[in-house]
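Enquirer: what follows is a predicted structure for the sequence shown.
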Amino acid sequence: MNDSQLILTMFAAIGLGTPLIFATVGEIITERAGILNLGVQGMMLVGAVSGFWATFETGSLTLGVVVAMIAGAVFSLIHAFASITLRVSQIVSGLALTIFGTGLASFLGKAGSDPLVGEPSRETFEPLITGGIADWPVVGPLLFGHDLMVYVALVVAGAASYYLFRTRMGLSLRAVGEEPASAESAGVNVAWVRYAHVMVGGALAGLGGAYYSLALSPTWQDNPIGEAGWIAIALVILASWRPWRAIFAAYLFGAAVRIQFTLQTLGSPWSDVPSSLLAMLPFILAIVAMLALTSGKRARLLGAPAALGVPYFREER
Amino acid sequence: MTTRRFIVEPRGLASVRLSLLIPLISVLAALIVGGLFLALTGENPFSVYQHMVDAAFGSSRGVSETLISATPLILTGLAAAVAFKMLVWNIGAEGQFLLGAIFSSGIAIAMGDGAPAALVIPVVIVAGGIGGALWAGIAAIPRVYLGVNEIITTLMLNFIALNLMNYLIFGSSSPWRDPEVSTFPTGRPIPDSGRFPEFFNRLDLSFIIAVALALLAWYLVGKTRWGFEVRVVGDSADTARYAGISVPKKILGVFLLSGAFAGLAGGLYVAGPVGALDPRSLDLGLGFTGIIVAALARLNPVAVIPVAILMGALNNAGPSLQSIGVPPEIVLMLQGAILIFAVGGEFFIANRIRPREKVLEELSEEVEAA
Amino acid sequence: MSLELRNIHKHFGAVRANDGITLTVETGTLHGLLGENGAGKSTLMKVLSGFHSADSGEIVLDGRPITLASPADAIAAGIGMLHQDPLVFLPFNVLDNFLLGSPGTRRLDRRAAASELQSLCDRYGFNLDPSAPARLLTVGERQQLEIVRLLWLGARVLILDEPTTGISADQRAKLFTTLRALAEEGMSVIFVSHKLEEVADLCRRVTVMTRGKVVGEAVLPTPPERLVEMMFGQAVEIQERDDVALGASHLTLERVRTADGLLSEEPISLDVKAGEVVGIAGMEGSGQDTFLRLCCGMRNPKEGTVAIAGRDLTGKHYREYLASHVKYLPAGRLEEGLIEGLTISEHFLLAGEDPGLLIDWGSAHRRSEEQIEHYGIKGRKSSTAESLSGGNQQRLLLAMLPPELTLLLMEHPTRGLDIESANWVWEQLLARRHQGTSIVFASADLDELLRYSDRILVFFSGRIIGELDAGTATVDELGLLIGGRRSAAGEVSS
């Protein structure tokens, strides 16, 4: 692999990792509140289609992003209601969200007399800076050559870290995810905190989805996100529930995806490495992380919220 | 002094009437939601639904195709039902399904065309079950002996299995890949001796086997000591321990059985209607649909059969909608909505909500009576 | 701040946890709330701290009725609760725990909080390092952290639920000093405990609860026998018992000690003969349950041997004990002995020793019908366990006992039963003695202990503090021993 290909791969990895940062940070925030939401894939797809549609109708990227986030948040309310108010199985409810969201996104993309499918986006995210510092060798494109959302993702991850560890609300949030009963007795409104952060997770997943349909593959197609939602769930573990680590996990995964293409261009023997085996990597890593760090008492070392996935009912005896 | 106007209390025993009614309401509610979206996009929901019913049940071909679609769903539904009953969250039916398919097709290809069908078919079926159980074991053993959460591991194993299948067909010249097709790789056809005999249009033996396995599962859970002990462990692991039941062994057994059902689904599907390890025909989310089946059947193995036929009918009717210009994905939406309502409905089956005045009245009546 | 609870009712399903509680706590008092586990103290305190909403009743603070819909409301009203297991977030450090739920701006001002923490600690003589991880704190230190946190939040009523469980004597002394100081500053302190001596030592007034009701109030000091009597009930005259000739040893403990916790200090030796009934007395949590678990292999001793009918089973699994005809009936009837959702027939199936692969439902139903008839269980074979009343649940548990029984271990065999059911239960149990079954039971009912035991072992903080012959012992003797005072043998303490 020569230098230029290395830079190309790294550059692409950052782009491919960006939507995963949004979705992973969102899921981290949701899980930190003690709610496991397996509906990420569904929320991302709903965000992807609604963001694409809004931009398609108005020509405004800003509006597309805002609509995607609102759609993701509203959609996540289904899961919040089922798991927080009705206290039914979070696992099944999350899966339902994914199945429904996948169907809904495809349906909306194809329905009506003038369907979205096959239409290119009216606006797409373009690099912020062209020329100048973005043309510096090596660091120019890598640091300055991206579109706005790449930098927004970094800010979101940083802000989420600050929020979790430096603000009053973040403290309450982590307390709710650890021991809801204790948090309640400390005066925290557990249900409110959980609702709010499931919705934050939904909004970020929606934003991540919109990045696919407005930047990475800006022509509407069925499922523009691949398996990104599931990968985000794996990345939460690899990031051990810390938002800033999600950046590295997501870029690493972006690189793993991109490297499949790079290897093809390099010819033998590189091109003989099967891409499907590379595609397994994040999932294998997630399982290894689970096995190494969550068996028995060591689960706490990893940073998993203690009350993750457990319904909370104050009036229980 | 308090502001709560309603009291939510767990019901002692779920009412039989409600446990039949709530799934029906779930389906109706999902149809209404789907209908709203159809109406919003300018379709007439009634004619769309009519078209779907016709496609799924309107002809003998339609009925047989519906049953073909239902076959793997019966088994993945069973996989979810037996596991969830014991609070084993195996959401890896998808991957176990694929491993079953890989094992079954592999053994059929390895035995070749020369072996007698009477030998190959049983071996193919068993291999599917073993493949699924082994794949489930990767998550089951850490869960039982190390306490590693199975939700994430089974989920991740789905994607590893999917990529493994893609590797066997697209990424290598494995025995599963058809050597004669070079343009777009496909699976090597399973020799005729490993294929199931068809008896009703394309419907083959696999449907009968799936129904028989559902009845067997019902018998196993409801009528055998093992099944009984499994239910006790699922209800209360502590009590099971006091009664001298080995809890880890039971959980492991259920987990592997669940994997075996999913693997059988994959095995029967390749040796039945598909006929080869063909990624495009196998990556349909049948494992996840099985979870919908199990939830709507309220984890009852016999109820899994009609629910799987309902879901199979939806899957079968989907593609036909294209002819009237409706996106077939309405089916996925309906299934997702059914699952949302079914899981939400569990709350109303398990709890009752009454105005507080009424609860208090009843309490004071009890006091007077005593 | 004065606090009044008026006619509080709270039920869970069929259980009336609080049945018309009325209680007044004056400003600046240390008020004890005494009662056995399950008396309803914790439920009452959860109602008072906003965790549970009462079915009916009133909470009045300084003459004003208040509404508590959540713990946040209670804190805003000035009511702070210190839970039995201090609710400290272990992954957080001390300062973050202190900050939780605190007033102030959105951003956490850790510096200001640290100085506030320091000044509160200085005031009460605590020594807490703000940056230390909470998981390294002892239980006593966690309590100190909780107390300063609640004070910072402006608590003027402080509830402590069983605060002395798991803390050292030094820490307890320090806690008591702090509580006295707080009361002098005008804080109303409610001290919830089942430990009589602590309430007697600390509090000025005491309210005694049993079975969801207030059964007595007293200004301290008051003779401990009176409090024991309120808690354990009046013992009636001892009746004639039909004596059973004792047989060979059925349970033999030799110098048994656990690795940690209760029963780790003094080794226990005991020999129970066939047909003998041994009562275990003591305040809740003095080591009785650990002891019973040691006798059936649910817990393994660190030292010493356990033998059943002469066979050494030390370190063997619970299932080996079951095979040797030892049966353990834990206290929570529904939680541990019976299974919600399973029918009576299914319970008999579970209890049966049928090793077959298939279930013989016909014989299971027949057996359950016979047993329902024989034990007078008010229910049908398809009734689920939770639909039965407490007495009938107990009858079902008794009916499930295997026919052959060497040793029966029980906790609170008649707790919550009416007198008629309790008498019936004991009739059945005592009949077993004739077949040679030995019975060891823990109870919090003096009458039950004296009436049915041959001898009584009294546990006090993890040790057997005395052994009484139930035939000659008096209620006062037993009451004093339970309270931790040895007077029977003249070894007067206090």
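Expert: Perfect, thanks for sending it.
Enquirer: near chain C at all, the helix or strand hosting B:Phe347?
Expert: Taking DSSP states H and E as the definition, B:Phe347 sits inside helix B:330-350. No: counting by Cβ under 8 Å from any Cβ of the partner chain, chain C has no neighbours in helix B:330-350; the shortest distance is 10.8 Å. In short, each C-beta sits where N, CA and C put it, glycine included.
Enquirer: starting at the chain centroid, how far to that helix?
Expert: The chain centroid and the centroid of helix B:330-350 are separated by 14 Å under Cα atoms, centre = their mean, to the nearest Å.
Enquirer: helices or strands next to that helix in the packing?
Expert: helix A:90-110, helix B:16-40, helix B:286-296, helix B:304-317 (3 or more Cβ pairs under 8 Å, 6 or more residues apart in numbering or on different chains; DSSP states H and E).
Enquirer: what's the burial count for B:Asp192?
Expert: B:Asp192: 11 surrounding residues under other Cβ atoms under 10 Å in any protein chain shown.
Enquirer: could you pull up phi and psi at the nearest residue to it once chain neighbours are set aside?
Expert: Counting by Cβ to Cβ, 6 or more residues apart in numbering or on different chains, B:Asp113 is the residue found nearest to B:Asp192 once chain neighbours are left out, at 6.7 Å. B:Asp113 adopts backbone torsions of phi -80, psi -20, taken as degrees, to the nearest 10.
Enquirer: which residues in chain A form helices?
Expert: Using DSSP state H, the helices of chain A run over A:3-32, A:40-58, A:61-80, A:90-110, A:139, A:148-166, A:168-178, A:180-185, A:190-211, A:228-238, A:243-266, A:275-294, A:299-302.
Enquirer: buried sites along the longest one?
Expert: Pointing back at helix A:3-32 there. A:7-32 (16 or more other Cβ atoms under 10 Å in any protein chain shown).
Enquirer: do the second one as well
Expert: Of the residues in helix A:40-58, those scored as buried under the neighbour-count criterion (16+ other Cβ under 10 Å) are A:40-56.
Enquirer: can you tell me which residues contact the residue of the stretch 151-300 of chain C found nearest chain A?
Expert: With Cβ to the nearest Cβ as the measure, C:Leu153 is the residue of the stretch 151-300 of chain C nearest to chain A, at 7.2 Å. Contacts for C:Leu153 (Cβ atoms under 8 Å, 6 or more residues apart in numbering or on different chains) come out as A:Gly187, C:Ile75, C:Gly80, C:Gly101, C:Ser102, C:Pro103.
Enquirer: circling back to that earlier point, need the helices and strands packed on helix B:330-350 in CSV (columns: mean pLDDT and distance to chain C).
Expert: Converted to CSV, those look like this (pLDDT from 0 to 100; distance: least, Cβ to the nearest Cβ, whole Å):
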stretch, mean pLDDT, distance to chain C
helix A:90-110, 95, 20
helix B:16-40, 92, 12
helix B:286-296, 95, 18
helix B:304-317, 96, 20
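Enquirer: buried deepest among these, which one?
Expert: Burial of the helices and strands packed on helix B:330-350 is given as mean neighbour count (mean count of other Cβ atoms under 10 Å in any protein chain shown); helix B:286-296 ranks first at a mean of 29.
Enquirer: export that helix as CSV, just CAs?
Expert: The C-alpha trace of helix B:286-296 is given here as CSV (Å, rounded to 0.1, in the frame of the first residue of the first chain):
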residue,chain,number,x,y,z
LEU,B,286,-36.6,-14.9,8.9
GLY,B,287,-34.9,-15.2,12.3
PHE,B,288,-36.3,-11.8,13.4
THR,B,289,-39.7,-12.5,11.9
GLY,B,290,-39.6,-15.6,14.2
ILE,B,291,-39.5,-13.2,17.1
ILE,B,292,-42.7,-11.6,15.9
VAL,B,293,-44.3,-15.0,15.5
ALA,B,294,-43.3,-16.0,19.0
ALA,B,295,-44.5,-12.7,20.6
LEU,B,296,-47.9,-12.8,18.8
